[in-house]
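A.B. asks: can't give you the sequence, but here's the structure:
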């Protein structure tokens, strides 16, 4: 069976995105050159730049690729509605996934790379909206109805992301972070 040009293009793009994520995890942002990505993907740089005109666009698409994968895995961790602790534990586990470290690398690098920051700004609103949609669909309806629920979701994401990043350097106790977030939930629901 002969594959269509669209199928071949999709396969090549997925191979490049996977190689980009793999490089970011293995050698970090500083070591993730287009040469390294092409070596891992087994493609020429011409092939890479046929699909992505700039490295910033490629890296943003790699971030979107990994974020879609890990948010799907997070959402599939639940079979029904859950309480805050279970959702936060699953969020913590998600932020500890090696592939998500690729996205963390990119978000940190965007601070000093304006092209990357602009490219990531393109994907961030949809990603945030997806995270809020997941929170609305998996958390106990009583929690979802609380005033300030959206702000709690943002606080939880920031706290867990920060704790997961710190854990790479120091032993950050997730119990402390998750306990503090549970206290915030109790304040929202006196």
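C.D. replies: Nice, I can see it. Keep in mind it's a predicted model, so treat the numbers as computed, not measured. Residues are numbered from 1 along each chain as shown.

A.B. asks: what about residue 62, neighbour count?
C.D. replies: Residues contacting residue 62 under the criterion other CB atoms under 10 Å number 26. C-beta here means a position set from N, CA and C on the backbone, and glycine is covered the same way.

A.B. asks: list the buried residues for the one helix or strand it maps to?
C.D. replies: Using DSSP states H and E, residue 62 maps to helix 55-76. Buried residues in helix 55-76, counted by 16 or more other CB atoms under 10 Å: 55-67, 69-71, 74-75.

A.B. asks: buried residues in the helix or strand harbouring residue 100?
C.D. replies: Using DSSP H and E, residue 100 sits within helix 98-109. Going by neighbour count (16+ other CB under 10 Å), the buried part of helix 98-109 is 99-107, 109.

A.B. asks: name the helices or strands packed onto that helix?
C.D. replies: Other helices and strands packing on helix 98-109, by 3 or more CB pairs under 8 Å, 6 or more residues apart in numbering; DSSP states H and E, are helix 5-31, helix 55-76, helix 114-138, helix 149-166.

A.B. asks: tell me which other helices or strands the second one touches.
C.D. replies: Where contact means 3+ CB pairs under 8 Å, 6+ apart, helix 55-76 is packed against helix 5-31, helix 34-41, helix 84-95, helix 98-109, helix 114-138.

A.B. asks: quick one, the second one and helix 5-31 angle?
C.D. replies: Just to be clear, that refers to helix 34-41. 130 degrees (axes from the mean of the first three to the mean of the last three CA atoms, to 10 degrees).

A.B. asks: also the third one?
C.D. replies: Relative orientation of helix 84-95 with respect to helix 5-31: 90 degrees, computed using the same axes, to 10 degrees.

A.B. asks: name the residues that touch helix 84-95?
C.D. replies: Helix 84-95 has contacts (CB atoms under 8 Å, 6 or more residues apart in numbering) with 70-71, 73-74, 77-78, 100, 135, 138-140, 143, 156-157, 160-161, 163-164, 174, 177-178, 181-182, 185.
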